[in-house]
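K.L.:
coordinates for the following, if possible.
(one chain, ligands or ions: 1)
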Amino acid sequence: MDAAEQSSALIARLGSQKVIPILEIENRQSATDLAKLLVDEDISVIEVVLRTGDAVAAIEIMAAVEGCCAGAGSVTTGVQFAQIVDAGAAFAVSPGVSPAILEFALNSPIPILPGAMTPSEALHLQHHGYHFMKLFPAGSAGGPDYIRSITGPIPDIAFCPTGGVNEHNLPSYLDCKPVLCVGGSWITPRHAITACDWSGIRNRIRATRSIIDQHARSRS
Ligand code: 3PG
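P.N.:
Numbers count the residues shown, from 1 in each chain. Here you go, the predicted structure:
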């Protein structure tokens, strides 16, 4: 799969869901219940970040749940890349791109959402064929206004902003044309996962869905 095909595959998959929950899972034993809950709530695409000891095991468990498309986030090294491919991750997300990550990405059997924050980084990725990128950290970079600024001179790219996106600013990101979806931990906060607070997570998903629906209605 070349870089352009990777981007197109992720646009089709992530773009249709609009909000991608970012999950930090401390205990693999909660992975099955969590994946089933998300799939039940029509959240099929998720990103599990490699910031806990159980993350790779959790990806393997969640990828085995029917209907769950489990990607790996915070991928920053080639070693992690190999691990998540072995675990059955459906896609990889990186906060930025080093030469090593790019080399793995360009030879990847799974699609990658590579991170960019500056015009130079976006141009670098575009040069290699990527047209769909993660913008991280989106809030600190300047949010939707920053995305509009960066896509003025570089119009043929689209973003999944993450980092600082939440239920309050979600509509302003969805208003931004180059934003095909956003990622965030607010729906599935680490403390709620650790406490197995499934009803709390269900409520957060439903509240987010109503924001997305309301936003879509206001645009039609
Ligand atoms: C990421 O991994 O993209 C971010 O850490 C998620 O940021 P958030 O916790 O602000 O949603």
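
K.L.:
from residue 53, how far off is residue 46?
P.N.:
Separation of residue 46 from residue 53 (CB to CB, to the nearest Å): 19 Å. Just so you know, the C-beta spots here come from the backbone N, C-alpha and C atoms, and that holds for glycine as well.

K.L.:
so which bits of the protein are right by the ligand?
P.N.:
For the chain, the contact set with the ligand under CB under 6 Å from any ligand atom comprises 22, 49, 73-74, 136, 162-165, 183-186.

K.L.:
can you pick the most crowded of the residues you listed?
P.N.:
Top of those by neighbour number is residue 73, holding 29 neighbours under the definition other CB atoms under 10 Å.

K.L.:
tell me the bridge partners for it.
P.N.:
residue 49 (DSSP bridges).

K.L.:
ok, it to residue 188 distance?
P.N.:
Between residue 73 and residue 188 the computed distance is 12 Å (CB to CB).

K.L.:
what about the strands in this structure?
P.N.:
19-23, 45-49, 69-73, 92-93, 112-113, 115-116, 132-135, 158-161, 182-184 (DSSP state E).

K.L.:
make JSON lines out of the ones you listed and add mean pLDDT.
P.N.:
Converted to JSON lines, the strands of the chain look like this (pLDDT from 0 to 100):
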{"stretch": "strand 19-23", "mean pLDDT": "98"}
{"stretch": "strand 45-49", "mean pLDDT": "98"}
{"stretch": "strand 69-73", "mean pLDDT": "98"}
{"stretch": "strand 92-93", "mean pLDDT": "98"}
{"stretch": "strand 112-113", "mean pLDDT": "98"}
{"stretch": "strand 115-116", "mean pLDDT": "97"}
{"stretch": "strand 132-135", "mean pLDDT": "98"}
{"stretch": "strand 158-161", "mean pLDDT": "98"}
{"stretch": "strand 182-184", "mean pLDDT": "98"}
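
K.L.:
can you say which of those is packed in most?
P.N.:
Among the strands of the chain, ranked by average contacts under mean count of other CB atoms under 10 Å, first place goes to strand 112-113 (a mean of 30).

K.L.:
each with direction, which strands does that one pair with?
P.N.:
Applying DSSP bridges to the sheet, strand 112-113 is found paired with strand 92-93 (parallel).

K.L.:
hmm, who's touching the strand it pairs with?
P.N.:
Applying CB atoms under 8 Å, 6 or more residues apart in numbering, the external contacts of strand 92-93 come out as 47, 71-75, 81, 84, 105, 108, 110-113, 115, 134, 183.

K.L.:
let's see that with 6 Å instead.
P.N.:
Under the contact criterion CB atoms under 6 Å, 6 or more residues apart in numbering, strand 92-93 has outside partners 47, 72-73, 75, 112-113, 134.

K.L.:
what's the weakest-modelled helix or strand in the protein?
P.N.:
When each helix and strand of the chain is scored by mean pLDDT, DSSP states H and E, helix 99-106 comes last, with a mean of 91.
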